[in-house]
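Novice: only geometry, no sequence info:
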């Protein structure tokens, strides 16, 4: 078991501050219970790119709210309100059901070269993961839609796992048995040792953007990223870098052997129709030794 340590470096990124004027917060609170019924909640999708080939291999689902008065709202603008109103579980289930619908629409897309499975990832909160019946709900959705194994991905933060390590580890195992892919998000911001990879039944490690920002210019961050990649690969897990914004970051991650990445270097979040187009066309990413794709 490895004893490589991750230093107590940058904290997890703070939640995006609300952009709402104070006089609109009451309107948001009053109208949020109706958002689940009036089709104003929407999903956008951010591409996940294979760094070696440039192909879009999956998407991460991101919730937005097209509010009639405030315009397009981000999660930080309304999810805290949803939590205070007890609506977070219903919104979480809505996201999962819409993701299953989206995955079914992907069945009409041309297959990826080699037949590899495209994946759609969903962020799950600690409260959602630990809620009784959550695994059963995900299993029913996967089975009911006839989704292939690993098409729907569930990602939870290290902090969420840290709240109840043994229970969370068991639930992650059960989710994989149910046919979901699993990943640890924001890796490197909570646990103190990479040895925890041995204890979790996961497919992927999603490296926190606080380390990604330093690759290529900070030797310590390079060493941390290289250690995560090496140890994850030794355990048959792949690594996804989040928040990649510059060509230099993408090129250095590729050199270090990182498998996948997402960020504004490739694309911001997209509507469903555009996301489906990107799944068939790639992004045009050119790695340090590769040809342009897409």
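Specialist: Structure received. Everything numeric here is computed off the predicted structure, so don't read it as measured data. Numbers count the residues shown, from 1 in each chain.
Novice: which one's the longest strand in this structure?
Specialist: Longest strand in the chain by number of residues (criterion: DSSP state E): strand 56-67.
Novice: Please name every helix or strand in contact with the next helix or strand after that strand.
Specialist: As assigned by DSSP states H and E, the chain's next helix or strand after strand 56-67 is strand 71-73. Identification of packing neighbours for strand 71-73 by 3 or more CB pairs under 8 Å, 6 or more residues apart in numbering; DSSP states H and E yields strand 56-67. The way it works is simple: take the backbone N, C-alpha and C, and place the C-beta from them, glycine included.
Novice: Now do the strand it packs on, average pLDDT.
Specialist: Average pLDDT, strand 56-67: 94.
Novice: Could you check how far that strand is from the centre of its chain?
Specialist: 10 Å (CA atoms, centre = their mean, to the nearest Å).
Novice: again with stretch 109-120
Specialist: 18 Å.
Novice: What of stretch 264-279?
Specialist: 14 Å.
Novice: The longest strand of the chain: which residues count as buried?
Specialist: 56-65, 67 (16 or more other CB atoms under 10 Å).
Novice: Now for the chain, the helix or strand with the poorest mean pLDDT.
Specialist: Least confident helix or strand, the chain: helix 158-163 with a mean of 81, by mean pLDDT, DSSP states H and E.
Novice: Tell me which strands the longest strand of the chain pairs with, and in which orientation.
Specialist: Strand 56-67 has its sheet partners listed here by DSSP bridges as strand 41-50 (antiparallel), strand 71-73 (antiparallel), strand 119-123 (parallel).
Novice: can you redo the ones you listed as JSON lines with distance to residue 274, mean pLDDT and mean neighbour count?
Specialist: Converted to JSON lines, the strands paired with strand 56-67 look like this (distance: least, CB to CB, whole Å; pLDDT from 0 to 100; neighbours: other CB atoms under 10 Å):
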{"stretch": "strand 41-50", "distance to residue 274": "8", "mean pLDDT": "95", "mean neighbour count": "22"}
{"stretch": "strand 71-73", "distance to residue 274": "15", "mean pLDDT": "89", "mean neighbour count": "15"}
{"stretch": "strand 119-123", "distance to residue 274": "15", "mean pLDDT": "97", "mean neighbour count": "23"}
